[in-house]
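Next comes the sequence, and after it the predicted model I'd like to discuss.
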Amino acid sequence: MSHIQYLDENNFEAAIAQGKVLVDFFADWCGPCKALSPILDQLAQELKETAVIAKVDITKDDSLAVKYEVTSIPTLLVFENGKLKHRTTGIKDLNTLKALLA
């Protein structure tokens, strides 16, 4: 069972408003995004009590990609209580992602 939330413009602001949230901007056709997916699944399982792991499909909801200036994917944004704290692109390993949410 996946602990990853899927976000769009209707639920994005509420989802990032409280706590630590890592948002993956991705697309189904993106090879690196597919490679990152199992890492995010594991991260979501391990951190389910302390952080939210979420995804935004840029092919279905490009307005959020435009708003957050996502120009390449995968792009990972880390929010804490609604404020953008960190941005990174590309595939990251599990420990690197954990450090972003520490």
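Received the coordinates, thanks.

what is the residue positioned nearest the centre of the chain paired to in the beta sheet?
Nearest to the geometric centre of the chain sits residue 23, at 1.8 Å (C-alpha atoms, centre = their mean). Under DSSP bridges, the beta-bridge partners of residue 23 are residue 54, residue 77.

which residues does it contact?
7, 12, 16, 54-56, 76-79 (C-beta atoms under 8 Å, 6 or more residues apart in numbering). Backbone N, C-alpha and C define where each C-beta goes, glycine included.

Out of those, who's the most crowded?
With neighbours defined as other C-beta atoms under 10 Å, the most crowded of those is residue 56; it has 27 neighbours.

Surely that residue is within a helix?
No. Counting by DSSP: H, G, I helix; E, B strand; the rest coil, residue 56 falls outside a helix, being strand.

for this structure, what spans make up the helices?
With DSSP state H, the ranges of helices along the chain come out as 12-16, 31-46, 62-67, 94-100.

Next up, the contacts around residue 63.
By C-beta under 8 Å, 6+ apart, the contact set of residue 63 is residue 9.

Nice, that's everything, thank you.
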